[in-house]
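Visitor: Based on what follows, work out the 3D shape:
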Amino acid sequence: MILSKPAKAHYTEPEAAEELGVTVEQLRVLIRRHIVDRDEDLSNVPVALFQPSDLVILRLMLNGMKQESTLP
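Guide: Residues are numbered from 1 along each chain as shown. Predicted structure coming up:
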């Protein structure tokens with residue numbers, strides 16, 4: 001039997017970065033490049049919470065960026 005940790009309902013920004021294996025700044029770069037249209041849009045979100053499905057999408061985008069070697 002394979003045991004895995006239970007899925008969380010949401011992740012904070014540092015938790016999401018840790019799950020993705022990147023720094024918080026790298027997570028922010030990923031979001032700025034692929035999700036928000038303007039940096040001002042980020043300031044409209046006081047606390048970023050991510051659902052497990054968000055992490056799946058972010059992981060796919062992160063893998064694409066790593067293949068292109070564009071993540072700092």
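
Visitor: buried set for stretch 10-19?
Guide: Neighbour-count burial for stretch 10-19, with 16 or more other CB atoms under 10 Å as criterion, is recorded at 11, 13, 16-17, 19. In this view, the C-beta of every residue, glycine as well, is placed from N, C-alpha and C.

Visitor: which residues in the chain form helices?
Guide: Per DSSP state H, the chain carries helices over the ranges 13-20, 24-34, 39-43, 52-68.

Visitor: on that earlier part again, taking the buried residues of stretch 10-19 as a set, which two sit the farthest apart in space?
Guide: Within these, 13 and 19 form the most distant pair, 10.9 Å apart (CB to CB).

Visitor: among the helices of the chain, which gets the worst mean confidence?
Guide: The weakest mean pLDDT among the helices of the chain belongs to helix 39-43, with a mean of 67.

Visitor: so residue 62 touches residue 20, yeah?
Guide: Yes: using CB atoms under 8 Å, residue 62 is in contact with residue 20, at 5.9 Å.

Visitor: Per-residue pLDDT of residue 49, please?
Guide: Per-residue confidence (pLDDT) for residue 49: 88.
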